[in-house]
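Undergrad: A structural model of the following input is requested.
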Amino acid sequence: MTGEAVVIGAGIGGLATAVALHQRGWQVNVHERAADLEPVGSGIGMAPNALRALDVIGIGDEVRARATRQAGIALRRSTGGVLAATNAEAFERAYGDTVMALTRAELIGFLRDRLPADCLHLSSEVRVLDHGSQDQPALLATPKGEVRADFVVAADGLRSPTRSTLFPDHPGPEYSGFTTWRTIVPAPAGPLPVGETWGSGAAVGVVPLADGLLYLYAAAHVPPGERAEDGDERAELLRRFGQWFDPIPQLLASAESERVLRHDVWELARPLRGFHRGRVALVGDAAHAMTPFQGQGACQAIEDAVVLAAELDRAEDWASLAGYSAARVSRTTTVAGRSRRVASLIAWRSAPAVALRNALMRCGGLLPEKSVVRAAAPMLDWAPPLRPARSAHPGGEDPMSTEKR
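TA: Here you go, the predicted structure:
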């Protein structure tokens, strides 16, 4: 099934879905209300499940070639002691890849390059007026007036107006209890605490990127809406994490204040009963906004893209969208729940609670390697609807010429 598709939102989920549909013969137009696509100061990790999905849309190998393989990742306490460590080779043997990290801007660029130049419309806010039906296209309000669309992909984010239109009784996002900071800094010489460090109601992550850069992120369990008094979030990071073990304070101090992003973390704690209505489907945060503590938000959005496109590819009518909801609601609810459980552990603040948590993490780190790897299977052991061809560069094998699993 093909036709004219409108994608609302040009984030990772929206662009990935646009690419997947375009490769299957859809005429796609992507509308983004922002004036540009330049995400600043943020890195992103692509887990093995996301890399398999990227293979399906033809950019998996490009991402692997540019990204940095995350090896020797450890979980530490705020004084520096290692609680647990993971072995990249073991994960590669089990799942085909380990986590690959790159900048968010690079991933957006790879996706954008797979689309026709004239399909992206910036500063273009679109709203769903009618979700359509088996016999009637969806109706949209655009800057140029009302238009009909055979199919609509709503990738319009955490505060999705489309979600509110399709599911008006859903309570919407809830505050997770955490605020986060993200930035990119030059990597200094010497050993680095790659991985995560947990303290009292807080965490810091260190992720190597290409070109001698580091992606730093931090989280703290605080009330929503708090901000640094003078607007200097770098100073706020040092106030909160300046007493943690070296070199975390030095890494945070190397950040440029204006490049430190701070956002409160909201999630859809109550899952939607479905990700579609009529001829409109939700993807990414619009469908299943989750906390970042398993690094799966963007990964799940990319999974959404390839599953949705595959359902439409083999469909005879719009009832096929029920298959998309059936495939994705259960999986994303499971992944979001895992992330929420990790968040609840990081939130522990009293000294006895932190000591107990650290002891539990230390015991987990002593488990056999196979057990540690197997524990990640609910997230990482996912197969796309089509078996991807690994060679997917322009002029190479068609990434859609694949056999079904």
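Undergrad: Can I get the strand or helix carrying F178 as PDB, trimmed to CA atoms?
TA: Using DSSP states H and E, F178 sits within strand 174-186. Coordinates of each C-alpha in strand 174-186 appear next as PDB, following Å, rounded to 0.1, in the frame of the first residue of the first chain:
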ATOM      1  CA  GLU A 174       4.000  13.000  34.100                       C
ATOM      2  CA  TYR A 175       7.100  14.400  35.600                       C
ATOM      3  CA  SER A 176       9.600  11.600  36.300                       C
ATOM      4  CA  GLY A 177      11.300  13.300  39.200                       C
ATOM      5  CA  PHE A 178      14.500  14.000  37.300                       C
ATOM      6  CA  THR A 179      16.100  16.900  35.500                       C
ATOM      7  CA  THR A 180      19.000  16.300  33.100                       C
ATOM      8  CA  TRP A 181      21.900  18.200  31.700                       C
ATOM      9  CA  ARG A 182      23.700  17.400  28.400                       C
ATOM     10  CA  THR A 183      26.800  18.800  26.700                       C
ATOM     11  CA  ILE A 184      29.700  17.900  24.500                       C
ATOM     12  CA  VAL A 185      33.300  18.700  25.500                       C
ATOM     13  CA  PRO A 186      36.900  18.000  24.200                       C
END
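Undergrad: Tell me the gap between it and the middle of its chain.
TA: 14 Å (CA atoms, centre = their mean, to the nearest Å).
Undergrad: What strands flank that strand, and is each parallel or antiparallel?
TA: Strand 174-186 sits in its sheet next to strand 213-221 (antiparallel), strand 261-267 (antiparallel), going by DSSP bridges.
Undergrad: Turn those into TSV, including distance to Q134, mean neighbour count and mean pLDDT.
TA: Every residue, glycine included, has its C-beta placed from N, CA and C. Listed next are these as TSV, based on distance: least, CB to CB, whole Å; neighbours: other CB atoms under 10 Å; pLDDT from 0 to 100:
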stretch	distance to Q134	mean neighbour count	mean pLDDT
strand 213-221	45	22	98
strand 261-267	33	17	97
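Undergrad: Export those to CSV and append columns for distance to T162.
TA: CSV is the format used below for these (distance: least, CB to CB, whole Å):
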stretch, distance to T162
strand 213-221, 28
strand 261-267, 17
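Undergrad: continuing past the strand holding F178, what's the next helix or strand?
TA: strand 195-198.
Undergrad: got a list of contacts for that next one?
TA: For strand 195-198, contacts defined as CB atoms under 8 Å, 6 or more residues apart in numbering pick out 72-78, 80, 83, 85-86, 203-206, 244-245, 248, 345-346, 357-358, 361.
Undergrad: Mind listing residues that contact stretch 122-133?
TA: Residues contacting stretch 122-133 (CB under 8 Å, 6+ apart): 6, 8, 10, 31-37, 136, 138-143, 146, 149, 152, 154, 161-162, 165-166, 277-280, 318.
Undergrad: These in helices, which ones?
TA: 161-162, 165-166 (DSSP state H).
Undergrad: Which other helices and strands does the longest helix belonging to the chain contact?
TA: Assignment by DSSP H gives helix 321-346 as the longest helix of the chain. Packing contacts for helix 321-346, counted by 3 or more CB pairs under 8 Å, 6 or more residues apart in numbering; DSSP states H and E, involve strand 174-186, strand 276-277, helix 285-288, helix 297-313, helix 377-380.
Undergrad: Residue nearest the middle of this structure, spatially speaking?
TA: A298 (1.6 Å; CA atoms, centre = their mean).
Undergrad: in the strand holding F178, what's buried?
TA: 176-185 (16 or more other CB atoms under 10 Å).
Undergrad: Taking these together, which two end up most distant?
TA: G177 and V185 (26.6 Å; CB to CB).
Undergrad: Quick check: end-to-end length of stretch 33-45?
TA: Start-to-end span of stretch 33-45 (CA to CA, to the nearest Å) is 25 Å.
Undergrad: any idea of the mean pLDDT for it?
TA: Mean pLDDT, computed over stretch 33-45, is 85.
Undergrad: please renumber so the chain begins at 34
TA: I'll keep to 34 as the first residue from here, and by that count the last item is stretch 66-78.
Undergrad: Contacts only, for P149.
TA: Counted by CB under 8 Å, 6+ apart, P149 has contacts 55, 61.
Undergrad: Give me the pLDDT for it.
TA: Reading off the model, P149 has pLDDT 96.
Undergrad: How about G47?
TA: So G47 comes in at 98 (pLDDT).
Undergrad: Which helix or strand in this structure has the lowest average pLDDT?
TA: When the helices and strands of the chain are compared on mean pLDDT, DSSP states H and E, helix 402-408 comes out lowest with a mean of 87.
Undergrad: in that helix, what counts as buried?
TA: By 16+ other CB under 10 Å, the buried positions in helix 402-408 come out as 405-406.
Undergrad: so how far is that helix off the chain centroid?
TA: 23 Å.
Undergrad: Would you confirm that G42 contacts V185?
TA: No: counting by CB atoms under 8 Å, G42 does not reach V185; the two are 10.9 Å apart.
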